[in-house]
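In: test case, fold it:
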Amino acid sequence: MRKLGFVGGTGPESTMDYYQMIISKYQEKTGNNEELPELLINSINMYKIFALLEDGKTEELADYLTEAVQTLEKAGADFVVLTANTAHIVFDQVQQRVNVPMISMVEETYNHTKEMGLEKIGLLGTKFTMENDFFQKPFLAGEKTVVVPNPSEQQYLHEKIVDELEKGIVEDETKQGFLDLVGKMIERDEIEGLILGCTELPLIFKPEDLAIPQLNTTEIHVKKIIEMMFSEK
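Out: Below you'll find the predicted structure:
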């Protein structure tokens with residue numbers, strides 16, 4: 001069994017979701033609800049990540065996340081994941097600096113859309129995820145279109161994610177605002193699916209809320225994590 005190390009705290013709500021989902025999928029895989037996976041968690045400071053990105057200090061962010069991954073590597077992790085979409089801005093830089101293999105949430109999400117046959121996909125997340133191109137690169141390479149909200153919509157989403165969702169707060173008014181925004185994207189941009197590109201967005205969006213497929217990046221990531229756990233070293 002390969003030992004997972006995951007960089008959590010980015011934010012705390014999604015870290016709990018990851019932990020619970022990994023346990024659930026692991027037990028489903030083993031068929032034993034009295035079996036638990038042995039794994040390592042390194043919980044870091046989400047607000048430090050946001051501050052570094054606000055100041056454009058991506059090199060320092062890469063250093064910060066590299067140190068977090070190396071801590072897990074030294075503790076005995078066989079592979080590591082970053083449990084936040086935004087942190088994947090520097091995923092490639094971090095992977096190049098460590099010896100332990102890492103699983104990219106972005107690549108796995110792209111693979112999932114490919115399997116589903118989606119060509120034009122909406123992307124929601126923090127402003128850092130929406131305004132940078134790191135999430136869009138594999139889609140563009142695969143000749144798929146990723147659509148993001150306009151700048152004012154991005155700012156609205158970002159503020160609600162940071163001020164509410166990252167703290168576990170879900171307001172009915174916010175949910176309706178998010179659903180209205182996606183409705184506009186379906187009409188205006190003709191998106192065929194929606195990437196929940198922030199691990200807190202499933203707090204808002206439920207499968208029955210939209211007529212188009214939702215791509216929960218946490219679920220997609222965890223599916224690959226479980227496969228990796230049970231693969232040979």
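In: pLDDT below threshold where in this protein?
Out: Along the chain, segments meeting pLDDT under 70 span 233.
In: and the helices in this protein?
Out: 12-30, 46-54, 58-74, 91-97, 105-116, 127-131, 137-141, 151-163, 172-189, 217-229 (DSSP state H).
In: present those as TSV; the columns should include mean neighbour count and distance to Phe6.
Out: Any C-beta I mention is one placed from the backbone N, CA and C, and that applies to glycine too. Shown next, in TSV, are these (neighbours: other C-beta atoms under 10 Å; distance: least, C-beta to C-beta, whole Å):
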stretch	mean neighbour count	distance to Phe6
helix 12-30	17	6
helix 46-54	17	14
helix 58-74	18	8
helix 91-97	17	13
helix 105-116	19	11
helix 127-131	22	19
helix 137-141	16	22
helix 151-163	17	21
helix 172-189	14	27
helix 217-229	20	8
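In: indicate which one of those helices is closest to Lys206.
Out: Closest approach to Lys206 among the helices of the chain (C-beta to C-beta): helix 172-189, 9.3 Å.
In: packing partners of the closest one?
Out: Judged by 3 or more C-beta pairs under 8 Å, 6 or more residues apart in numbering; DSSP states H and E, the packing partners of helix 172-189 are strand 120-124, helix 151-163.
In: neighbouring contacts of the first one?
Out: Translated: strand 120-124. 113, 129-130, 135-136, 139, 144-149, 157, 178, 182, 185-186, 189-198, 201, 215 (C-beta atoms under 8 Å, 6 or more residues apart in numbering).
In: alpha carbons of that strand, in CSV - could you do that?
Out: Extracted in CSV, the C-alpha atoms of strand 120-124 (Å, rounded to 0.1, in the frame of the first residue of the first chain):
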residue,chain,number,x,y,z
LYS,A,120,-16.8,23.9,-23.8
ILE,A,121,-16.5,24.1,-20.1
GLY,A,122,-17.1,26.8,-17.5
LEU,A,123,-14.6,27.4,-14.7
LEU,A,124,-15.3,28.9,-11.3
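In: angle of it against helix 151-163?
Out: Strand 120-124 and helix 151-163 are oriented at 50 degrees to each other (axes from the mean of the first three to the mean of the last three C-alpha atoms, to 10 degrees).
In: so what strands line up beside strand 120-124?
Out: strand 145-147 (parallel), strand 193-196 (parallel) (DSSP bridges).
In: re the thing from before, distance to Asn99 for the helices and strands packed on helix 172-189 - can I get that in a markdown table?
Out: Supplementary listing: these in a markdown table, determined by distance: least, C-beta to C-beta, whole Å:
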| stretch | distance to Asn99 |
| --- | --- |
| strand 120-124 | 31 |
| helix 151-163 | 33 |
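In: point to the residue nearest the middle of the chain.
Out: The geometric centre of the chain, computed from its C-alpha atoms, lies nearest to Asn85 (C-alpha atoms, centre = their mean), at 3.5 Å.
In: could you measure from that residue over to Leu52?
Out: Applying C-beta to C-beta, to the nearest Å, the value for Asn85 to Leu52 is 16 Å.
In: also Lys224?
Out: 27 Å.
In: what's the answer for Ile89, then?
Out: Distance from Ile89 to Leu52, by C-beta to C-beta: 10 Å.
In: now do the shared contacts for these two.
Out: Contact criterion C-beta under 8 Å, 6+ apart; residues shared by Ile89 and Leu52: 58, 61.
In: which ones are touching the closest residue to Gln93 other than its chain neighbours?
Out: What sits nearest to Gln93 in space, not counting adjacent residues and going by C-beta to C-beta, 6 or more residues apart in numbering, is Ala62, at 4.2 Å. The contact partners of Ala62, by C-beta under 8 Å, 6+ apart, come to 90, 93-94, 97.
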